[in-house]
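> missing the sequence, but the structure's below:
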């Protein structure tokens, strides 16, 4: 009888090879299996975290969009003074609250309530921030004191605007024009002339320059020596008024 081929005894694991990072030639599948067995928990945790962040971001953006639309709808519905005031109270930090404050300021100014107008203009400035309307609010803050006789406060604020090179040319020119008016009304012809020069330099082709040139023609003659002795004025002047009691700049 032929001899039977030798058979390995049951449980003989001498030919088994452990697949780990020390295995000399693991396949790509082996590497993935090793990585997953060691880091699957971390991978699932990271996946959950990323998912939560994305979902949260989407929810926040969706709410922000909804909120902005609601604010816009509330502003559109505010047509009366009382409604504008209520809108500001409901949305005190919204940019549109700054626009509402600007409208309230204009209303108060038109009604001759200059103190309330300046308060509303002042409240609008920080809300509008970099919005182009911020400059108009600042101009209102600077201009309204002229209507209450506080010329010193008006000059300080108007000079800041006229000398602000980051400001739009038209607003700089307008501020400087009103400074020229103030100087003319107080008999400071040399200062008025220099503010007029700034107007025509900042916005030579604008409406304020035309008014400044007309104002120049109404000034008494000033000698060069007298002009040289005055203080330097590097700002632009507003055009739209021929006396300190003109209508609010920007509403001409």
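Cool, got the structure. Everything quoted here is computed from the prediction, not taken from an experiment.

> if we ignore the residues flanking it in sequence, what's nearest residue 140?
Leaving aside its chain neighbours, residue 140 sits nearest to residue 121 (3.5 Å; criterion: C-beta to C-beta, 6 or more residues apart in numbering). No exception for glycine: its C-beta is placed from N, CA and C like everyone else's.

> ok, and for the helix or strand containing that neighbour, which residues are buried?
In this assignment (DSSP states H and E), residue 121 forms part of helix 114-128. Judged by neighbour count using 16 or more other C-beta atoms under 10 Å, the buried positions of helix 114-128 are 114, 116-125, 127-128.

> can you tell me which of the residues you listed lies nearest to residue 134?
Distance to residue 134 across the buried residues of helix 114-128 (C-beta to C-beta) is lowest for residue 128, with 3.8 Å.

> doesn't residue 96 make contact with the closest one?
No. Contact criterion C-beta atoms under 8 Å: residue 128 and residue 96 do not qualify, at 9.7 Å.

> show me where the chain dips below the pLDDT cut-off.
Residues of the chain that meet the criterion pLDDT under 70 lie in 1-26, 30, 51-67, 222-252.

> okay, which residue is most central for it?
The centroid of the chain falls nearest to residue 130 when counting by C-alpha atoms, centre = their mean (2.4 Å).

> what strand or helix carries that residue?
Per DSSP H and E, there is no helix or strand for residue 130.

> how close does it get to residue 155?
The spacing between residue 130 and residue 155, counted by C-beta to C-beta, to the nearest Å, is 26 Å.

> next: residue 82.
To residue 155, residue 82 is 35 Å away according to C-beta to C-beta.

> which of those two has more neighbours?
Between residue 82 and residue 155, residue 155 has the larger neighbour count (other C-beta atoms under 10 Å), namely 18 against 9.

> not counting its neighbours along the chain, what's nearest that one?
Among residues not flanking residue 155 along the chain, residue 182 sits closest, at 6.2 Å (C-beta to C-beta, 6+ apart).

> the helix or strand that neighbour falls within packs against which elements?
Using DSSP H and E, residue 182 falls within helix 169-185. Where contact means 3 or more C-beta pairs under 8 Å, 6 or more residues apart in numbering; DSSP states H and E, helix 169-185 is packed against helix 133-148, helix 151-162, helix 189-202, helix 207-218.
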